[in-house]
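K.L.:
take this sequence and fold it.
(chains A, B and C)
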Amino acid sequence: MSQILEGLNNEQLEAVTLPHSSALILAGAGSGKTRVLTTRIAWLIQSGQVSPLSVLAVTFTNKAAREMLTRISAMLPINTRGMWVGTFHGLCNRLLRAHHREAGLPQTFQILDSADQLSMIKRVMKGLGVNDEKYPPRQAQYFINSNKEEGLRATAVETVDDFSRHFLDVYAAYESQCNREGVVDFAELLLRCSELLQKNEILRSHYQTRFRHILVDEFQDTNRLQYMWLKLLAGADTTVMAVGDDDQSIYAFRGARTGNMLDFESDFGVEKVIKLEQNYRSHGNILDAANALIRNNRTRLGKNLWTSEGKGELLRVYEAATDVEEASYILDEVRALKNEGVSLSDMALLYRSNAQSRVLEHGLFNAGIAYRVYGGLRFFERQEIKHALAYLRLIANPQDDGALLRVINFPTRGIGNRTLEQIQAAAEGSGISLWQAACSSPPTGRAGAAIAAFIRLIESMRNATEGLPLQEQVEHVIEASGLIDHYRKEREGADRVENLEELVNAAASFVSEEGLANYQADTANAVTGDADAADVPELDPLSAFLAHASLEAGDNQAAAGADALQLMTVHSAKGLEFHTVFISGLEEGLFPHENSLNEDGGLEEERRLMYVAMTRARRRLYLSQAQTRMLHGQTRYNVASRFLDEVPQELLKRLNVSVRPVAQGGNSTAPSPAPRIRSRPVTVGGFRIGQQVLHSKFGSGVIVQADGSGKDARVQVNFRNDGLKWLALEYAKLSPA
DNA sequence: CCTCATTGAGTTTTT
DNA sequence: CTCAATGAGG
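P.N.:
Next up, the predicted model:
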């Protein structure tokens, strides 16, 4: 038994073998967090303290859940199938399917992804006659989701102003529309599940007794609702182990609450907080720099990473004149490192926002360096796949208005807006679904015939696929719907046809591999003879597959394949590590992002983001910056990121002599690193675009734009602390820096 | 009904 | 710049 515990350090060992009490593990970057979690589970089971079925482990991503299961099965000779290891949403889905009746849902309820949700919100808003200029649907979506994540139904939300009252109306209408259609969004999975546990005492105590150990990964990223859910599942005898790192909390912008860590300590009577501070990933200089940076944050639980390895190399800082030059510098370095034997896939090129990847990709493409960009469209989010899934959804549940609207005229079959409006009016008038309206009161004439043909098509597909194996159902639908034909005819449809064929494969492997079992009846409940769940018939494979498609949108790019440089945002780099990391675009306004500066705690979150980025590197870390950057079709002039100043300068190796814009007024003969701006005044009142200036109140900044002349001359200055400001030269006391 | 042109907006992202 | 969402004309 001691074998699985071998090689753990003291703190890790303590965490893994903790006696029966709830615990908070503060696990720094690279400190072996996943190892602790999985070894803890394996140890609990192997030492005979619990059965695998009494363990619940929850993560945020499917990838993390899979990783956990893989590691557990590597340590223990047990079948992990039926174990409750999964994402918050996946586990809630499982629970709701098993108890759909008590939860007030059809067993085959479908799950809306964010895009589906947004389009339903638009539909609802149109129905209510809400002005979508004044009340942007995106904001309505945010309103709905953040309220749900606080555990608030529309009836429980209190509005203080007229503006949010409109969103509240949308929320209420959206809620009832979801119920009519039998669909739920992501937040609903958690809210519905929590409400179920809250009001159904029998179920609650059943699960509270069953789960003796609950383990939570990335606890710093939990929101209020997820925390409530955990509290409901944990009974008096349940031990909860929460593992997280407040310094790596980078999702506050979507509701994550590090405060849950403090609440957890008191709510669960945590006696001891274990800190895992030994880092097994990076060399000393990298950790020292990251530690120094994060110390600038006020709100921390406090933690300092250390390593027993050497100091290693200094961090390399490069200041480029332009974004293009920055890219070319990076790819030179990539090439050199590759020649030294570092594989491309062990190097990552990180950026704060996706827009930055373009220039970098361009450079890499021209240089012929293989690269892979993360964060694009994922498989189940592709248009052609969404269309195919919509046909399938309609077969499974004709009340699904969203699915109907997506495909009623795709491929085009002569059903236009007018016809659709008629049906929508009929549906709204009698509170029925679009499908029912189309069936019961079809429009007359040519449109009516088209509608009738569509209804016949769907019904014939339903008849033809009934009882077929899942992959044959999918195969039939992509043919019979005309999707394949449509894309074959399209000029650039080859990829789409291929993807549709891939969907058939996805369905096949969903059935043959463990996928389906995860979505069907809870085998564990059947084993323990739980009547509630045992009575529920198995979920049909089609509904299970559709749920899978929503909950696990698939990889964001085709096979990892060849050795390639990894390009991604800092957010998506969390949890990964590389030999070499390039952090690009270290400029004020970009990183930290200008929008974050107005938000409460925004700057600290940006700093944590930088901390995450730095701690991805094992051996070598590059920090680069461009003085000039094309953004949204405009040239922008940026000062170096404050984060570069927050790192001890003795840990940095500056790789080029800083070529700063010259400050001696407009008639300097020194070469300017900035390219000329098209059709805009370059100098105004002795000041130049790109020039660094000092303001008595705002401090230092860079002139980014200018217009007017004489008395009307104005310049826009990007101040290091206060961001962009327009200043009239006549009044502002500006001086060259 | 479909296609092309214009307009406008533009962090970060998993489920 | 580049994508998505509207609107005019075929």
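
K.L.:
now the strands: where do they sit in the stretch 601-737 of chain A?
P.N.:
In the stretch 601-737 of chain A, the strands defined using DSSP state E, counting those that start in this stretch lie at A:617-631, A:634-637, A:652-654, A:683-684, A:687-688, A:692-695, A:699-707, A:714-719, A:723-728, A:734-736.

K.L.:
output the ones you listed as a markdown table; include the columns mean neighbour count, distance to A:I72 and mean pLDDT.
P.N.:
Yep, even glycine has a C-beta here, placed from its N, CA and C like the rest. Compiled in a markdown table, the strands of the stretch 601-737 of chain A are given as follows (neighbours: other Cβ atoms under 10 Å; distance: least, Cβ to Cβ, whole Å; pLDDT from 0 to 100):
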| stretch | mean neighbour count | distance to A:I72 | mean pLDDT |
| --- | --- | --- | --- |
| strand A:617-631 | 23 | 26 | 94 |
| strand A:634-637 | 20 | 49 | 87 |
| strand A:652-654 | 14 | 42 | 92 |
| strand A:683-684 | 19 | 66 | 64 |
| strand A:687-688 | 24 | 62 | 71 |
| strand A:692-695 | 19 | 56 | 77 |
| strand A:699-707 | 20 | 53 | 70 |
| strand A:714-719 | 22 | 51 | 69 |
| strand A:723-728 | 15 | 48 | 64 |
| strand A:734-736 | 16 | 63 | 76 |
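
K.L.:
quick one, which of those strands gets closest to A:Y519.
P.N.:
strand A:617-631 (37.7 Å; Cβ to Cβ).

K.L.:
can you pull out the low-pLDDT segments for the stretch 401-550 of chain A?
P.N.:
For the stretch 401-550 of chain A, applying pLDDT under 70 flags the ranges A:514, A:521-536.

K.L.:
and A:R210, backbone torsions?
P.N.:
phi -70, psi -50 (degrees, to the nearest 10).

K.L.:
hmm, back to that, and the strands of the stretch 601-737 of chain A as JSON lines, adding distance to DNA strand C?
P.N.:
As requested, the strands of the stretch 601-737 of chain A are exported to JSON lines (distance: least, Cβ to the nearest atom of the strand, whole Å):
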{"stretch": "strand A:617-631", "distance to DNA strand C": "6"}
{"stretch": "strand A:634-637", "distance to DNA strand C": "7"}
{"stretch": "strand A:652-654", "distance to DNA strand C": "31"}
{"stretch": "strand A:683-684", "distance to DNA strand C": "23"}
{"stretch": "strand A:687-688", "distance to DNA strand C": "24"}
{"stretch": "strand A:692-695", "distance to DNA strand C": "26"}
{"stretch": "strand A:699-707", "distance to DNA strand C": "15"}
{"stretch": "strand A:714-719", "distance to DNA strand C": "17"}
{"stretch": "strand A:723-728", "distance to DNA strand C": "17"}
{"stretch": "strand A:734-736", "distance to DNA strand C": "28"}
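
K.L.:
would CSV of those with distance to A:P137 be doable?
P.N.:
Shown next, in CSV, are these (distance: least, Cβ to Cβ, whole Å):
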stretch, distance to A:P137
strand A:617-631, 26
strand A:634-637, 28
strand A:652-654, 46
strand A:683-684, 41
strand A:687-688, 43
strand A:692-695, 40
strand A:699-707, 32
strand A:714-719, 32
strand A:723-728, 28
strand A:734-736, 42
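
K.L.:
quick one: the closest residue to DNA strand C within the stretch 351-500 of chain A and A:G633, what's the gap?
P.N.:
Nearest residue of the stretch 351-500 of chain A to DNA strand C (Cβ to the nearest atom of the strand) works out as A:R358 at 6.2 Å. According to Cβ to Cβ, to the nearest Å, A:R358 stands 12 Å off from A:G633.

K.L.:
looking at the two, which has the bigger crowd around it?
P.N.:
A:R358 (12 against 5; other Cβ atoms under 10 Å).

K.L.:
any idea how far A:G376 is from that one?
P.N.:
Taking Cβ to Cβ, one finds A:R358 at 13 Å from A:G376.

K.L.:
residue numbers of the stretch 101-250 of chain A in contact with DNA strand B?
P.N.:
A:D113, A:S114, A:F186, A:A187 (Cβ under 7 Å from any atom of the strand).

K.L.:
so who does A:Q139 touch?
P.N.:
A:F167 (Cβ atoms under 8 Å, 6 or more residues apart in numbering).

K.L.:
what do you get for A:S73?
P.N.:
Contact analysis of A:S73 by Cβ under 8 Å, 6+ apart lists A:T80.

K.L.:
that one and DNA strand C, how far apart?
P.N.:
For A:S73, the distance to DNA strand C equals 39 Å [Cβ to the nearest atom of the strand, to the nearest Å].

K.L.:
now the helix or strand that contains that residue: average pLDDT?
P.N.:
According to DSSP states H and E, A:S73 maps onto helix A:62-75. Average pLDDT, helix A:62-75: 92.

K.L.:
and it, does that touch DNA strand B?
P.N.:
Yes - residues of helix A:62-75 contacting DNA strand B under Cβ under 7 Å from any atom of the strand: A:N62, A:K63.

K.L.:
helix or strand for A:I144, which one?
P.N.:
Judged by DSSP H and E, A:I144 forms part of helix A:137-149.

K.L.:
closest point of the stretch 201-350 of chain A to DNA strand C, which residue?
P.N.:
Residue nearest to DNA strand C within the stretch 201-350 of chain A (Cβ to the nearest atom of the strand): A:D323, separated by 11.8 Å.
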